[in-house]
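A.B. asks: how would this look folded up:
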Amino acid sequence: MNHATRKLLLCSAHGARAALALGAAALLGGAPLAAHADQPGLLETVHHHTTLINTVPDNGDQNPYAIYVAPVSAGTVKQGDVLVDNFNNAANLQGTGSTIVDYHPDTKQMTLFATIPRDLKECPGGVGLSTAMTMLKSGWVIVGSTPSNDGTTNTKGAGCLIVLDSNGKIAKAISTPNINDPWGNMAVVDNGDHATLFVSNAGFGVGGADGDPPVFKQATVLRLDLDIPQGQAPAVKSETVVASGFGAQADKGVFLVGPTGLALSPDNKLLYVSDAIGNRINVIEDPLTRDTSAGVGRQLTADGLLHRPLAMIATPQNHLLVTNALNGQVVEIDPATGKQLYARWIDTDKAQTPPGNGDLFGIALTPAGDGFYYVQDDVNTLVLAK
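C.D. replies: Residues are numbered from 1 along each chain as shown. Predicted coordinates for the structure are as follows:
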């Protein structure tokens, strides 16, 4: 988020949302707020929030977005390390961040994993690292770029997906007509020598953020099927738009509002999409095998505890955790029933109204599944909840 325009976002929170947050102020940091707590969830077990590091590297990049826990040890990365990328540069301009940092839980230290040239010519519009990031079992890191020249959508480019080796060196950029501002956290099926990525694209039709920007119902979810030959960078074997018609909108405070969170069911037969504009979670059926778009799919749940849902992960309980953009809560959902089980305050910064408004972006499960990592973009920190 561009902190200079944070007040614009804060003012966009509806009065009802503010009332909800203020009415729950006594519970900040305490027990989860239950909606329909029919079965236990991960949030019930979370009792401590530990700030691990400040994520700002030496070049001053800020606004941490994506989080991904390394599935293997490769190159400079150890299994269990936490990779975090930055969306803003040192001047706090959105869509201009170019660094990925690596937090090492064993030493509690942070190192710089990669610095990507801002003017990477293979990436239309340059580089501004988004919430789309993954590390494959083969050691390759793939990160999305949603770039801007001046920190606004007036100068945004289509961006790309950047492939890095396990030492943070650029191997290639993936740019196709189906990629336009890869925005949300990826869902991944990784089989070693081949993998499937799902990534949302929020840039189609979206222009400047002046005045009252329109909502364009052109955002998509793209499936990329990758071949990963031994010792070679992943290559796109095929690409399919599996979902389309989601809303996306330019925004001065947060650059873009569009579909952000992607998560797969345990059997990979359902893809869950957090639709920020629609304030809902939708379901796309047969995401691995379908050869046509499902449109926006079917609605799983909407409104209630959701307040502009963003990043999303699946838990060991086969629930979904989704961060809210318009307050400092994470919401747990049972996708089997569509019930919203709990909302827990994980960012209680009362400088915002409601507390934590606009601070939450990426989220990632711990390797043991007993907690989760998240970032607080207002203070550029990585936090562990467990």
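A.B. asks: and the strands in the stretch 101-250 of the chain?
C.D. replies: For the stretch 101-250 of the chain, the strands defined by DSSP state E, counting those that start in this stretch occupy 109-115, 129-135, 141-145, 160-164, 170-174, 187-190, 194-201, 216-227, 235-251.
A.B. asks: closest one to residue 331 among the ones you listed?
C.D. replies: strand 129-135 (17.2 Å; C-beta to C-beta). Every C-beta, even on glycine, is put in place using the N, C-alpha and C of the backbone.
A.B. asks: returning to that earlier point: among the strands of the stretch 101-250 of the chain, which comes closest to residue 363?
C.D. replies: The closest of those to residue 363 is strand 129-135. By C-beta to C-beta, the value is 9.7 Å.
A.B. asks: for that closest one, output the C-alpha coordinates as PDB.
C.D. replies: Provided in PDB are the C-alpha atoms of strand 129-135 (Å, rounded to 0.1, in the frame of the first residue of the first chain):
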ATOM      1  CA  LEU A 129       6.600  -7.700  -7.500                       C
ATOM      2  CA  SER A 130       3.100  -8.800  -6.600                       C
ATOM      3  CA  THR A 131       1.400 -11.300  -4.300                       C
ATOM      4  CA  ALA A 132       1.900 -14.000  -7.000                       C
ATOM      5  CA  MET A 133       4.900 -16.100  -5.900                       C
ATOM      6  CA  THR A 134       5.900 -19.800  -5.500                       C
ATOM      7  CA  MET A 135       8.900 -22.000  -5.100                       C
END
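A.B. asks: which residues touch it?
C.D. replies: Residues outside strand 129-135 that contact it (C-beta atoms under 8 Å, 6 or more residues apart in numbering): 65-68, 70-72, 77, 83, 85-87, 97-100, 116, 141-146, 159, 161, 181-186, 188, 197, 199-200, 260, 310-311, 361-362.
A.B. asks: what about residue 125, how many neighbours?
C.D. replies: 23 (other C-beta atoms under 10 Å).
A.B. asks: cool, and residue 265?
C.D. replies: Counted with other C-beta under 10 Å, residues neighbouring residue 265 total 17.
A.B. asks: for residue 369, same thing?
C.D. replies: When neighbours are defined as other C-beta under 10 Å, residue 369 has 12 of them.
A.B. asks: can you check residue 152 too?
C.D. replies: 20.
A.B. asks: from residue 176, how far off is it?
C.D. replies: Going from residue 152 to residue 176 by C-beta to C-beta, to the nearest Å gives 25 Å.
A.B. asks: same deal with residue 52?
C.D. replies: Plainly put, residue 52 is 36 Å away from residue 176 if you go by C-beta to C-beta.
A.B. asks: next one: stretch 252-264 to chain centre, how far?
C.D. replies: Computed by C-alpha atoms, centre = their mean, to the nearest Å, the chain-centroid distance of stretch 252-264 equals 7 Å.
A.B. asks: just the mean pLDDT for that stretch, thanks.
C.D. replies: For stretch 252-264, mean pLDDT rounds to 95.
A.B. asks: just the CA trace of that stretch, in CSV.
C.D. replies: In CSV, the C-alpha atoms belonging to stretch 252-264 read as follows (Å, rounded to 0.1, in the frame of the first residue of the first chain):
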residue,chain,number,x,y,z
LYS,A,252,-5.2,5.1,-5.5
GLY,A,253,-4.7,3.6,-2.0
VAL,A,254,-4.0,0.0,-2.9
PHE,A,255,-3.2,0.2,-6.7
LEU,A,256,-5.6,-2.5,-7.7
VAL,A,257,-8.6,-4.3,-6.2
GLY,A,258,-9.2,-7.7,-7.8
PRO,A,259,-9.3,-11.4,-7.3
THR,A,260,-6.4,-12.2,-5.0
GLY,A,261,-6.6,-15.5,-3.1
LEU,A,262,-6.4,-18.9,-4.7
ALA,A,263,-6.5,-22.3,-2.9
LEU,A,264,-7.2,-25.8,-4.0
